[in-house]
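Enquirer: Quick one: sequence plus predicted model below, questions after.
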Amino acid sequence: MAFGSGANYFIGANGQPLGGLTVTLTVTEDIVPLVSAAGRKPQNPAFTLQVNCYAGAPGPLGNSAWQQYVFTLSQDGAGGKLTALVENWPSSEFAKTFPSASIKDGFIDSGFPVQPVLLSSPKLPAKYQLSVTLGTDAAGRVTAATFSAYDESGKQLFANPNTINLYNLQTTAHTPVGVEDLSPILAVQVSLVGNNTGRTVLSSGAGTITYRSLVQPFIGAQEPPWLGYQTLNAQWPEPTSLGYQGGTYEQANSVYAETLSGDDVFGLVQPFGVVTHTPGQALAATRQFGTTNRTDVFAIGSTGQLTMFYVEDSGAWSMHAPIGPGNFPPTGSVFAPPGAQLAVSQQFGIANRTDVFVVDNTGTLNCFYCDNGDVKGWQGPIAISAAGFAPPGAHLAACQRAANANQTDVYVVDHTGTLHVFSVVGSGNWSAPVKISAEGFAPAGAAVAASSRYGVTDQTDVYVAQTSGAMNVFSVGSAGMWSKPAVISEPGFQAPPWATIVAAPRAGVSGQTDVYVTDHNGQLTVFSWLHLIVPVPHFGPVWTTTLIGPALYPDKSGATFAPNGAPIAVSPQFGVTTQTDVFIVDSVGALNVFWVEADGAWNGPLALSNPSGGKLNVPAGSYIAATAQFGVAGQTDVLMISTLPTPLPMSPGLGWPCVFWVENSSGWNGPAALVLEA
């Protein structure tokens, strides 16, 4: 389980009411809100630290089912404004007897009796602390909240009084708050998210959250003897004993560590961070199997976790909480290298399973998976290989074995330069690695591609550039024996080991297999093989080579059109039955498309972005993913990790997925940032 945005542990004391709870957020890296959005429209950049407290079942001491103690940092001109408030929601039973109350609307809202703090910029700097302490009465009801904010020198920023006494407030029915309106709390969940149902993107941020609770302390002139600290424990999922089953509407790209440290005296300590991406890094896209209408996009983010964005039909894109191990510095090392290569595939023989493969920081090949289209049901990682098998973040390819419709194969070049395949049949166990090539055949972790040989029954091909840079194919048929390598490139051809290789059918041409790569001169190249229904005497299978587009960039003297080995993506243009598109980011960072109708001549390049005057900002040779947008007839999506434009001068450039799209044969649209604009 990994935690992020509004999903975090429920911290409790084994079912006992929490007394004198103190939650402290300590900042070790500036928390910087880049943009906040509600309804996908930019708003005033803001974020909130929400201390969400949960009561037990409705009853004499359970009328306030959900209590929020909130810090908000919003933009105020060129600076920032830090505010604090209390908001309580009634239990469903209490709402029936409280005419103005609603489960969706707080029936106690403190407003802002604590004087706001003005900051020089709309960020929370490193070494700042935010802290809230809750006071209780003799029955354990929360009756007061004391908010504190300290700068890097330890100076308290909130002026007195900084305690909000709930008894001094009014309910939404304009009646004074009484004991019947308050409750003890059994658990607390902390989240760092947007403001007022908004989605906030944080360009940076890290630190710790500390939870500490006393045994039934009191706020008042005469406090009883101190009874000690409570033993706190972290729970997931939400305990059924809580009176309110739900969470916050707001979202962000915040993440929280799975491992907590500490003790009864000093409290539990949980690191938090922000998951971002590097502009131009690798990503992968697929349909989520078990659905006909969900498109998924995956990448390894800055915390080394698998991140996922998804869309249903033509709706708005959503951001999934990080998937997989959630322990990152200072708790532990990241799981996988940020930006690591991914492969995605259906697990064949299981109708509704989607697999995502990555080589982690220990050199272990791993699989994440999800069954039946359940967006919350991601599992893994499960280790397929031993540790040290391949370079961390190595290139991967995954496909169905043509001779066995229930077999899934994953291909990787290990640390010795040997091409291997791992296989699973249906829901069985993954095999040990099977050697396909000799040791040292290809550079360690080199790019690979795999596909059926179109027009040839039962043949699966794997493509890899050997150490010399020549493009080779290995093949296997129904007998299960792999062939020796066959060179498909012409003499002198060289593909860099990092060059993406894509194998795909040619739209509108039956039986044609195309293999695409950018060579060491930045020249986009396609190798083609056409299955001949009527064999030609004295001729065996022949691979032909076609150079696509210019070799040199027209406006840069002597510069190649694209960087050496630049990544590419290939896709049919959906809704146009005979068109194949190839996408590449050129040497000035512009996204280009080349296209061909059936076996005709190649067209392009057509620049889909203008990096000097448009929104897209990606490095030359950025990685690209292309896919149908499932559930939308005739829509093609092209995705990259771009740098978001920032409205704040102090914000660093933030890597974030963006999409270009075209419907049938109409004009291209985009780019639009996922979640925020798309």
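Expert: Alright, I've got the coordinates. No experiment lies behind these values; they were computed from the predicted model shown.
Enquirer: tell me the SS of the residue nearest in space to the middle of the chain?
Expert: Residue closest to the average C-alpha location in the chain (C-alpha atoms, centre = their mean): Thr307, at 2.2 Å. Under DSSP: H, G, I helix; E, B strand; the rest coil, Thr307 falls in the strand class.
Enquirer: Relative to Leu134, how far out is the nearest residue to it once chain neighbours are set aside?
Expert: Once flanking residues are discounted, Thr307 sits nearest to Gly301: 4.4 Å by C-beta to C-beta, 6 or more residues apart in numbering. To be clear about C-beta, it is placed using only N, CA and C from the backbone, and glycine gets the same treatment. Distance of Gly301 to Leu134, computed by C-beta to C-beta, to the nearest Å: 34 Å.
Enquirer: what does Ala145 give?
Expert: With distances taken as C-beta to C-beta, Ala145 is found 6 Å from Leu134.
Enquirer: do Thr146 as well
Expert: Distance, Thr146 to Leu134, using C-beta to C-beta: 8 Å.
Enquirer: what does the domain assignment say about the chain?
Expert: Here the domain parsing of the chain from automatic domain parsing is 3-274, 284-673.
Enquirer: Could you export those as a markdown table, including mean pLDDT?
Expert: Shown next, in a markdown table, are the domains of the chain (pLDDT from 0 to 100):
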| stretch | mean pLDDT |
| --- | --- |
| domain 3-274 | 85 |
| domain 284-673 | 93 |
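Enquirer: Any buried residues in stretch 439-449, and which?
Expert: 441-449 (16 or more other C-beta atoms under 10 Å).
Enquirer: Give me the phi and psi for Ser181.
Expert: Careful, residue 181 is Asp and not Ser. phi -90, psi -10 (degrees, to the nearest 10).
Enquirer: do Asn168 as well
Expert: According to degrees, to the nearest 10, Asn168 has phi -90, psi 0.
Enquirer: Return the backbone torsion pair for the spatially closest residue to it that is not a sequence neighbour.
Expert: The shortest distance from Asn168 to any non-neighbouring residue, by C-beta to C-beta, 6+ apart, is to Val177 (7.8 Å). Backbone torsions for Val177, taken as degrees, to the nearest 10, come to phi -70, psi 130.
Enquirer: Wait, Val177 touches Leu169, no?
Expert: Yes - applying C-beta atoms under 8 Å as the test, Val177 and Leu169 come out as touching, 5.0 Å apart.
Enquirer: wait, is Glu29 part of a helix?
Expert: No - counting by three-state DSSP, Glu29 is not part of a helix but strand.
Enquirer: who's it bridged to?
Expert: Glu29 has these beta-bridge partners by DSSP bridges: Ala206.
Enquirer: Quickly note the distance from it to Phe289.
Expert: Counting by C-beta to C-beta, the gap from Glu29 to Phe289 is 38 Å.
Enquirer: higher neighbour count, the two?
Expert: Legend: neighbour count by other C-beta atoms under 10 Å for Glu29 and Phe289, higher for Phe289 (22 against 14).
Enquirer: Helix, strand, or coil at the more buried one?
Expert: Classification of Phe289 by three-state DSSP places it in coil.
Enquirer: and the gap between it and Phe630?
Expert: Separation of Phe289 from Phe630 (C-beta to C-beta): 10 Å.
Enquirer: repeat for Tyr229
Expert: With distances taken as C-beta to C-beta, Tyr229 is found 52 Å from Phe630.
Enquirer: Those two: which is more packed in?
Expert: Phe630 (21 against 18).
Enquirer: how about the helices in the stretch 1-150 of the chain?
Expert: Secondary structure of the stretch 1-150 of the chain (DSSP state H, counting those that start in this stretch): helices at 92-96.
Enquirer: Run a quick neighbour tally on the closest residue to Thr197 other than its chain neighbours.
Expert: Distances taken as C-beta to C-beta, 6+ apart place Tyr249 nearest to Thr197, at 4.6 Å, with adjacent residues excluded. Residues near Tyr249, counting by other C-beta under 10 Å, number 14.
Enquirer: That concludes my questions; thank you for your assistance.
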